[in-house]
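J.: test case, fold it:
(chains A and B)
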Amino acid sequence: MDFIFTSPKGFNMKKILFPALLILMASCLRLDDLAFMGDNSISEYKFDNYTGETDMQLPPEYDIPASMTHVVNFPSNDSDEKHPSHSVIYGVYIGDMEQIENDTIIVYCHGQRDHLDFYWPRAKLLANCGGKNRFGVLMMDYLGFGLSKGKATSEQMVHDVEGSLLWLKKMGADPGKVIIYGFSLGTWPAVYIAAGFKDFKPWKLVTESALASIDNITQESTLLNVPSRFMTDLGMRNAYYIQFVEQYYLWFHGTDDDYIAIGNSELLLKNYNGPYIEIYRVEGAKHGEDGVPQTLGYENYLDILYKFIIRK
Amino acid sequence: MKKISYFLLLLFLLSCAPARFVVPLNKGEHAAGLNIGGHLFDYQGLTIPAPLSSVYYGYGFDSGSTFFAGLHLTSLAFGNFQTDMGFVINLLNQKQWLPGLSVSPAVNFVLNPKWGDVRMWPQLDANVYWQYGKQHHYFYLGVSNWFELTKLRAHSQEIDDRWFINPQIGHVFRIKTYDIGLELKFLAPSHENTYAFVPYRSITGDYGANGLYFYITKRF
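T.: Alright, predicted model coming up:
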């Protein structure tokens, strides 16, 4: 069908068209970076003195003594020899550093926004679970967020959270007392690590507003069976990896989540094969603002979490 | 949480292009064109169309049927070879105010060579059109039907909806050998959009999305 490429005057358009095609295909834009909305512009964490937007407004009764707040740093897990990052991850540990080896610790994997200051109220809330500073809380910034300088990728996120667990290990923490908690984008490293990180396997898993996978998000939006790889290399297949999770599992998702629809998390429920699960479809809860803790009420939320943590 | 710009371009497919050659070309006539635009979405408080684009070619086999093929440039920039290819067949000529009618069976094909992913969706459009004036400007309204052939999507979920009906309305100005068109699509208006990650904008609120397209065609 030569007429497709040849004009009526016989000008051979192949000479123009094919090189143009090759150039365009080689350029290969990807949407990966847009998943990560980290802010690397800060020079220090301000925590209670932070004046920017935060994920929730917390009453003063949940404040944490400054003596219990510690900025920590540790290397990302470079066990992946193919793609070593040689990167330093910054985080905040809320609790008594001297008691890490004895404490039960919640490792909170935050969502896609800004840096630790944005999620600081959530970390403080978690530090009130079961009473003030009853459990330790570790929250880290992935590369590309806050003081963790570098480039965020889905693989790097996993290495960064693994790095935080290895730091806990170095500090003497007992993996049998560590709960890994993922929110939104942070559910990806949480589920993946719970499923298969052998060097420090967390004791229990909590997900809040989990995504099923980038494929699922893509197909919910296109209505067609479109592979996400047409536009992004992100996989984040939580709904696949959850089948390998053997830990107790606490599941939260808001019924009115207008960012990551609850159907995403439902797929995790369907595929979970572990021994124990608690499910909270929180009526009316959205994503982030007006999210699960706010809708449940902070005390109810903390009570659910506390009972799950102490469950034998 | 405010919607973000992550998957601005997600609707590569269902909303990727306007109707091709609603009024068939004359016998032996060639045409080539460019279209830009896509689904409307909220971006930082503004409603804007997705910046999708494609180039296309048409050839009039006779006065009642036109072959066409499109190459999707935005998709190409993401490493995909995406094309739509088909025919426009004129079924009824316009008789004064009684509109003409054309149908267009087509196929949409996408290949990602890096991953080896391939997808294909058949499409069947039907449009009525009214030509007017000496230049034969025309406006049209019709429906674009897309069909999903696969049974399962991500995580082995069964696909319930296989037929997507997308009404459309457009107008084409003919200036000498140029056709300049604007089209508004109502994408999947029977489907709730609150489950979508993309902050679609639709005049039907929580259902479907609208698509806006501009196109220019040179006939020769």
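J.: can you pull out the helices in chain B?
T.: In chain B, the helices defined using DSSP state H lie at B:73-77.
J.: tell me where it is predicted with low confidence.
T.: B:1-15, B:42-45, B:193-205 (pLDDT under 70).
J.: again, 50 this time
T.: In the predicted model, chain B carries pLDDT under 50 at residues B:1-9, B:11-12.
J.: and the strands in it?
T.: For chain B, the strands defined by DSSP state E cover B:30-43, B:46-49, B:53-62, B:65-72, B:81-92, B:100-112, B:117-132, B:137-147, B:152-153, B:157-158, B:163-175, B:178-192, B:207-219.
J.: just put those strands in TSV and tack on distance to A:Glu299 and mean neighbour count.
T.: Where you see a C-beta, it was placed from the backbone N, CA and C, and this is true even at glycine. Formatted as TSV, the strands of chain B follow (distance: least, CB to CB, whole Å; neighbours: other CB atoms under 10 Å in any protein chain shown):
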stretch	distance to A:Glu299	mean neighbour count
strand B:30-43	35	21
strand B:46-49	40	14
strand B:53-62	53	20
strand B:65-72	53	21
strand B:81-92	52	19
strand B:100-112	49	19
strand B:117-132	48	17
strand B:137-147	49	19
strand B:152-153	40	16
strand B:157-158	37	12
strand B:163-175	46	17
strand B:178-192	34	19
strand B:207-219	38	21
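J.: would TSV of these with distance to A:Asn40 be doable?
T.: Shown next, in TSV, are these (distance: least, CB to CB, whole Å):
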stretch	distance to A:Asn40
strand B:30-43	23
strand B:46-49	27
strand B:53-62	32
strand B:65-72	34
strand B:81-92	35
strand B:100-112	31
strand B:117-132	33
strand B:137-147	42
strand B:152-153	36
strand B:157-158	37
strand B:163-175	41
strand B:178-192	37
strand B:207-219	34
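J.: so which of those strands comes closest to A:Gly91?
T.: Of all the strands of chain B, strand B:30-43 sits nearest to A:Gly91, with 33.0 Å by CB to CB.
J.: for the closest one, packing partners?
T.: Strand B:30-43 is packed against strand B:46-49, strand B:53-62, strand B:178-192, strand B:207-219, with contacts defined by 3 or more CB pairs under 8 Å, 6 or more residues apart in numbering or on different chains; DSSP states H and E.
J.: distance from the chain centre to the second one, please.
T.: If you compare the mean C-alpha spot of strand B:53-62 with that of the full chain, they lie 13 Å apart, counting by CA atoms, centre = their mean, to the nearest Å.
J.: partners of it, with directions?
T.: Partner strands and pairing direction for strand B:53-62 (DSSP bridges) are strand B:30-43 (antiparallel), strand B:65-72 (antiparallel).
J.: so can I have a markdown table of those strands showing distance to A:Asp256?
T.: Compiled in a markdown table, the strands paired with strand B:53-62 are given as follows (distance: least, CB to CB, whole Å):
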| stretch | distance to A:Asp256 |
| --- | --- |
| strand B:30-43 | 18 |
| strand B:65-72 | 35 |
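J.: quick one: the helix or strand hosting A:Leu267 near chain B?
T.: Under the criterion of DSSP states H and E, A:Leu267 resides in helix A:262-271. Yes: using CB under 8 Å from any CB of the partner chain, we find that helix A:262-271 touches chain B at A:Gly263, A:Leu267, A:Asn271.
J.: tell me the mean pLDDT for that helix?
T.: Averaged across helix A:262-271, pLDDT comes to 95.
J.: likewise for stretch A:277-288?
T.: 96.
J.: with only the CA atoms kept, save it in PDB.
T.: Extracted in PDB, the C-alpha atoms of stretch A:277-288 (Å, rounded to 0.1, in the frame of the first residue of the first chain):
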ATOM      1  CA  ILE A 277      -7.000  -9.900  59.100                       C
ATOM      2  CA  GLU A 278      -9.000  -7.000  60.400                       C
ATOM      3  CA  ILE A 279     -11.000  -5.000  57.900                       C
ATOM      4  CA  TYR A 280     -12.200  -1.500  58.400                       C
ATOM      5  CA  ARG A 281     -14.200   0.000  55.500                       C
ATOM      6  CA  VAL A 282     -14.500   3.400  57.000                       C
ATOM      7  CA  GLU A 283     -17.800   4.900  55.900                       C
ATOM      8  CA  GLY A 284     -17.500   8.400  54.400                       C
ATOM      9  CA  ALA A 285     -13.700   8.500  54.800                       C
ATOM     10  CA  LYS A 286     -11.700  10.000  51.900                       C
ATOM     11  CA  HIS A 287      -7.900  10.200  51.300                       C
ATOM     12  CA  GLY A 288      -5.600  12.200  53.400                       C
END
